[in-house]
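Enquirer: my questions are about this predicted structure, shown below with the sequence.
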Amino acid sequence: GAGVSQSPSNKVTEKGKDVELRCDPISGHTALYWYRQRLGQGLEFLIYFQGNSAPDKSGLPSDRFSAERTGESVSTLTIQRTQQEDSAVYLCASRPQTAPGQPQHFGDGTRLSIL
Amino acid sequence: QKEVEQDPGPLSVPEGAIVSLNCTYSNSAFQYFMWYRQYSRKGPELLMYTYSSGNKEDGRFTAQVDKSSKYISLFIRDSQPSDSATYLCAMSAGGNNRLAFGKGNQVVVIP
């Protein structure tokens, strides 16, 4: 596909359940990011992957959040024991690692609602 | 103090007016500056991208960066109803290119 693809587009789940969100970056983009967008707030950085380097997890809000990426392809963001404050849009972005500061390209996000 | 401040107040303008948006920031290491446009239930779409201080023009859009004042602006000339969206400023210091975002401005252009 031409753009960043995220699935599911919407997810409603009960408090305490685990959820897994998926991101397919643009082909050839080695850098991948996850952000969270809560209602009325700006995007918050969660985690960054670059090739086979150790990910930058400095934005993950708690140990209930984790993410994986296989090589330079698909990434999954997992939230365990979901809480109501986890309700947000989770956005994935990718960019080529050809030069510093290359802009990121975003998917349409997964809208997560915790009941 | 948040790294990036963007007054999130909604903005309504008549069609054809100039829209002026701005952000301030506190981190002097930021050197890459972006404006994203986000339509309802869609992801942010890159609108303008500038490096360091200066102006950049693309059609009806002009981005300005003043690093000495830590202030960036976006101007939309001859605004159209299709410009109705939320506009997000974003910036990074390079390196891992983690973006710091403002809260966004919702803009409504009234026909």
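Expert: Yep, it's here.

Enquirer: what's the burial count for residue A:90?
Expert: 22 (other Cβ atoms under 10 Å in any protein chain shown). Where you see a C-beta, it was placed from the backbone N, CA and C, and this is true even at glycine.

Enquirer: next secondary structure after the helix or strand containing it?
Expert: Taking DSSP states H and E as the criterion, residue A:90 maps to strand A:88-95. Going down the chain from strand A:88-95, the next helix or strand is strand A:105-106, by DSSP H and E.

Enquirer: each with direction, which strands does that following strand pair with?
Expert: Next to strand A:105-106 in the sheet, as set by DSSP bridges, lie strand A:88-95 (antiparallel).

Enquirer: strands of the chain, start to end?
Expert: All of this refers to chain A. For chain A, the strands defined by DSSP state E cover A:5-7, A:10-13, A:19-24, A:31-37, A:43-50, A:65-69, A:75-79, A:88-95, A:105-106, A:110-114.

Enquirer: my question was about chain B
Expert: In chain B, the strands defined using DSSP E lie at B:4-5, B:11-14, B:19-25, B:32-38, B:45-51, B:54-58, B:61-66, B:71-76, B:85-92, B:100-101, B:105-110.

Enquirer: quick one: contacts of the third one?
Expert: Contact with strand B:19-25 is made by B:3-7, B:11, B:13, B:35, B:69-76, B:79, B:83, B:87, B:89, B:91, B:100, B:102, B:105, B:107, B:109, as judged by Cβ atoms under 8 Å, 6 or more residues apart in numbering or on different chains.
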